[in-house]
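In: just need the structure, nothing else, for what follows:
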Amino acid sequence: MMEEGIITPFRLASVVLVSAGALLLTLFEGGTVQYFLQPAVMAVALAALAAEAGCRKDGVRKAEKMPEASALILALAFLAVASFAWSADKGATMAAAPEYLMYAAAFWAVSRMVPKARQASLFMILILSSAMLGFSLFGWAFSEQGTAGPPRFPFAASDGFAALALIVSAFSTGMLLEIAVRGSGHGEGAGRYVLSTLFALSGASAVVSWSSLMMSGSPFSFLSAVFVAVLLFFMQEKEDRGKAAAVIFSSLAVALAVALFLAGTGDIRESRMEGAFIFPRFGERLAEELSYRARQWTLAIRLGLKSPVFGFGAGTFKDAMPLVYSPGPRPASGDPMGLLTSSFAELGLAGLALAAGFAGTVAALASRGPLSGKRMTPALLGPLMAATVGVITGSMIPSIMLLYSILAGCVSAEASKGYEGSGRRHGRIPAVAVVILTVLAVAASSWYVAVLPVKEEVLHHLEHAGAEGGDTLEDALVDLKRAHSLDPLDKELFYEMARTEFMSESLKDAPDYEPALEKTGDLIALYPHYREAYELRGTIEKAMGLPWADDLKEAALYSAGNIGPHIALISKGLNEKDYKLAKEYAEKALAERDQLLYRAKAADLEGVVALSYLVDLEARAYVLYARLGDEAAAAAEAGRLRDLYGLNTAVEGHVRAVLERYGAKAID
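Out: Below you'll find the model as predicted:
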């Protein structure tokens, strides 16, 4: 019989590497995630190799079998890598492929661990994640200069904060039920002390995570956590449900008290509370959240139908989404909001079948349980249910997907207990599969680690190129060409190379724009849905005295809510008295009014840019309708401009400048 201890080199290595990878990725999920994603990928891939080696060294029979559900997640990862061949953005697919490999490696590593190793890894990851939530929540609450909206550290957006809080709340509630209901009366001396310590840690984690959910700004995540808690309650024996209810309601009561205390602290401005505390306008906010998610799901499905068999390639949703974009009340994002919709949009029906098959198989394994007939513990079933809800309905966040893969691996291993000696053997196939997986993951991540610092350094220097004390544009162009030679698939580098060449030539007395124009044409040939490339080519053509409107029309077609090309075409129509052109693109841009106004109300740089675009649009639309003699439409635009005056003190001056440019009557 296999020993259950974890203090052996391979077992310890797998636990440390998986835990370190998950915690590293969660801690740095914000703006620096790309720097830490690749080390996390390598750590988890090596953990899979160490776990497989340890399993084979122990000589157990399960080493000759593929872990339950592993074929599906391996096939999904290899399909993501293979999609490079037909990808609409090969650079994006190269960046996304290591993530898929990491998920498969995490599943494999955990499914090969012994029970104590799995328990140690899961407990370490989720308890430390709870500490991150607590640090973020209390740091946000008592910060004197916090931004508007709910807490988000360590994530770039609050969606990740809510998703992590959902999983941690389910784990903590499950642990409390496991100890209070099933573990009561068990253990003596040191054992009872350990149980008491675990209960205290789980209780603190439950309070922090539930309080985080109440302050997350996401009613849907809170309701999902309540739903998981209700399911865990009904999984208890009837005679234990009274104790289970007491545990759950006690956690919620203390968490609510903490949330109300934080809501009442003087350092939280009213604007921040409006975006954080979920209970005011609960139903309205829930409807808005579901509407946004449904819109993203619709976009993902429509995109998948454009290329239904194999999709556009892993990681391409953001770049291909403009093909199916339509205006809405809120801006669309580059997130397909869910594993299934993402798989369909990016990997077609093949990816959808594998992703759905994997999620369904894991759910079936969780309901089946081990051969012993014992039900899986609430501490495992709870976070698995929460993570499943999170990855199927929420943002595609690497650390949340990694947690789901780890939980799925735990379920696969637990459900396989007692079945190791039965069923078909696969010989060396599992070892070969994990070696291929590890080699691909380490190779892809190593390449990315090598090129990313070069790219970031070059782009940083480019920001200061031409300024006093900075590099010249010619020097910046040399650096860009060097970086592009290392990563010829990066369209951002390609774009900056063409733009810098154009800017450099524009400073000369006799500029030669042909090389920049040719580079931009090559960029468009490689990435035919790249709005910025069309805008750049239009700008170059305008500087050369060539017709440029067609490129701006293409840019408008792929703008996905950015109305910069529309404003340029409206201005062209007004200047040349081509009112048909101006009206066509004014109407298209005005359809974006709601999402622009939504963004303009944000107190950040994006809000300022959105407000500037909105003012430019409304002012030009006012001029257009006044020239067309449509008094009702002109009066409506004048009213909207007056409404915008209250958003920023500079709006009125901006409007006046636009009207003077076109000789229009000032608005009273």
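
In: need the helices for the stretch 301-450 of the chain, in chain order.
Out: 317-320, 339-368, 378-393, 398-415, 429-463 (DSSP state H, counting those that start in this stretch).

In: I'd like these as a markdown table, with distance to Arg118 and mean pLDDT appended.
Out: C-beta: built from backbone N, CA, C; applies to glycine. Formatted as a markdown table, these follow (distance: least, Cβ to Cβ, whole Å; pLDDT from 0 to 100):
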| stretch | distance to Arg118 | mean pLDDT |
| --- | --- | --- |
| helix 317-320 | 33 | 91 |
| helix 339-368 | 14 | 94 |
| helix 378-393 | 9 | 93 |
| helix 398-415 | 5 | 92 |
| helix 429-463 | 17 | 86 |
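
In: closest to Leu176 out of these?
Out: Smallest distance to Leu176 across the helices of the stretch 301-450 of the chain (Cβ to Cβ): 8.5 Å, for helix 378-393.

In: list the helices and strands that closest one packs on?
Out: Judged by 3 or more Cβ pairs under 8 Å, 6 or more residues apart in numbering; DSSP states H and E, the packing partners of helix 378-393 are helix 115-141, helix 158-177, helix 219-234, helix 339-368, helix 398-415.

In: which of these sits most buried?
Out: helix 158-177 (a mean of 29; mean count of other Cβ atoms under 10 Å).

In: on that earlier part again, using TSV, lay out the helices of the stretch 301-450 of the chain together with distance to Met124.
Out: Converted to TSV, the helices of the stretch 301-450 of the chain look like this (distance: least, Cβ to Cβ, whole Å):
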stretch	distance to Met124
helix 317-320	33
helix 339-368	22
helix 378-393	13
helix 398-415	11
helix 429-463	22
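
In: between these, which gets nearest to Val658?
Out: Nearest of the helices of the stretch 301-450 of the chain (Cβ to Cβ): helix 429-463, 28.7 Å.

In: show me what counts as buried in that closest one.
Out: Buried residues in helix 429-463, defined by neighbour count with 16 or more other Cβ atoms under 10 Å: 430-431, 433-434, 437-438, 440-442, 444-445, 448-449, 451-452, 454-455, 458-459, 462.

In: against which helices or strands is it packed?
Out: With contacts taken as 3+ Cβ pairs under 8 Å, 6+ apart, helix 429-463 sits against helix 33-57, helix 70-82, helix 90-111, helix 473-486, helix 491-506.

In: any idea how far that helix is from the chain center?
Out: Put simply, helix 429-463 sits 19 Å off its chain's centre (Cα atoms, centre = their mean, to the nearest Å).

In: please apply the same query to stretch 234-243.
Out: With Cα atoms, centre = their mean, you get 37 Å for stretch 234-243.

In: now that stretch: buried residues?
Out: Quick answer for stretch 234-243 (16+ other Cβ under 10 Å): 235-236, 240.

In: try stretch 276-284
Out: So for stretch 276-284, counting by 16+ other Cβ under 10 Å, buried means 276-278.

In: about what we covered before: can you lay out the buried residues of stretch 234-243 as a markdown table showing distance to Asp512 and pLDDT?
Out: Converted to a markdown table, the buried residues of stretch 234-243 look like this (distance: Cβ to Cβ, whole Å; pLDDT from 0 to 100):
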| residue | distance to Asp512 | pLDDT |
| --- | --- | --- |
| Met235 | 73 | 88 |
| Gln236 | 77 | 86 |
| Asp240 | 81 | 86 |
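
In: closest one of these to Val44?
Out: Using Cβ to Cβ, Met235 is the member of the buried residues of stretch 234-243 that lies nearest Val44, at 30.5 Å.

In: list the contacts for the residue nearest to the closest one when sequence neighbours are not counted?
Out: Distance criterion Cβ to Cβ, 6 or more residues apart in numbering; nearest residue to Met235, sequence neighbours excluded, is Pro378 at 6.7 Å. For Pro378, the contact set (Cβ atoms under 8 Å, 6 or more residues apart in numbering) comprises 173-175, 177-178, 232, 235.

In: so which of those is the closest to Val609?
Out: Of all those, Val609 sits closest to Thr173, with 42.4 Å by Cβ to Cβ.

In: run a quick check on the closest one versus Ala206, I expect a contact.
Out: Yes: the pair Thr173 / Ala206 is scored as a contact, 5.8 Å apart, by Cβ atoms under 8 Å.

In: common neighbours of the two, please.
Out: Ser251.

In: and the residue nearest to Val658 when sequence neighbours are not counted, backbone torsions?
Out: Using Cβ to Cβ, 6+ apart and skipping residues adjacent in sequence, the residue nearest Val658 is Ala619, 3.9 Å away. Phi and psi for Ala619, reported as degrees, to the nearest 10, are phi -70, psi -40.

In: equivalent analysis for Tyr527, please.
Out: phi -130, psi 80.

In: okay, now the nearest residue to it once chain neighbours are set aside: neighbour count?
Out: Of all residues beyond its chain neighbours, the one nearest Tyr527 is Lys491 (5.1 Å), with distances taken as Cβ to Cβ, 6+ apart. Counted with other Cβ atoms under 10 Å, residues neighbouring Lys491 total 18.

In: tell me who's in contact with Lys491.
Out: 89, 91, 523, 526-527, 530, 533.

In: I'd like the distance between it and Leu323.
Out: 16 Å (Cβ to Cβ, to the nearest Å).

In: Ala300 now?
Out: Ala300 is 12 Å from Leu323, by Cβ to Cβ.

In: look at these two and report which has more neighbours.
Out: Neighbour totals were compared for Ala300 and Leu323, and Ala300 leads with 24 against 18 (other Cβ under 10 Å).

In: you'd agree the more buried one is up against Gly334?
Out: No: contact criterion Cβ under 8 Å: Ala300 and Gly334 do not qualify, at 10.8 Å.

In: identify the contacts common to the two.
Out: Counting by Cβ under 8 Å, 6+ apart, the residues touching both Ala300 and Gly334 are Phe317.

In: count the neighbours of Tyr292 for me.
Out: 18.

In: buried sites along the helix or strand it falls within?
Out: Assigned by DSSP states H and E, Tyr292 belongs to helix 282-306. Neighbour-count burial for helix 282-306 flags 285-286, 289, 292-293, 295-300, 303-304 (criterion: 16+ other Cβ under 10 Å).

In: so which elements touch the helix or strand that contains Leu659?
Out: In this structure, Leu659 sits in helix 651-661 according to DSSP H and E. Here helix 651-661 touches helix 605-628, helix 631-644, going by 3+ Cβ pairs under 8 Å, 6+ apart.

In: residues contacting it, please?
Out: Contacts of helix 651-661 (Cβ under 8 Å, 6+ apart): 611-612, 615-616, 618-620, 622-623, 641, 644-645, 665-667.

In: try it again at 7 Å.
Out: Helix 651-661 is contacted from outside by 615-616, 619-620, 623, 641, 644-645, 666-667, using Cβ atoms under 7 Å, 6 or more residues apart in numbering.

In: burial count for the residue nearest to Met503 when sequence neighbours are not counted?
Out: Leaving aside its sequence neighbours, Met503 sits nearest to Leu473 (Cβ to Cβ, 6+ apart; 5.8 Å). Neighbourhood size, Leu473 [other Cβ under 10 Å]: 19.

In: wait, isn't Leu473 in contact with Glu505?
Out: No: here Leu473 does not reach Glu505: they are 9.2 Å apart, not a contact under Cβ atoms under 7 Å.

In: how would you label Phe153: helix, strand or coil?
Out: coil (DSSP: H, G, I helix; E, B strand; the rest coil).

In: got the phi/psi numbers for it?
Out: The phi/psi pair for Phe153 (degrees, to the nearest 10) is phi -50, psi 140.

In: that one - nearest residue in space that isn't next to it in sequence?
Out: Ser136 (4.1 Å).

In: measure the one you found to Ala345 for me?
Out: 31 Å.

In: mind pulling up the pLDDT for the residue nearest to Phe153?
Out: If you check Ser136, the pLDDT there is 87.
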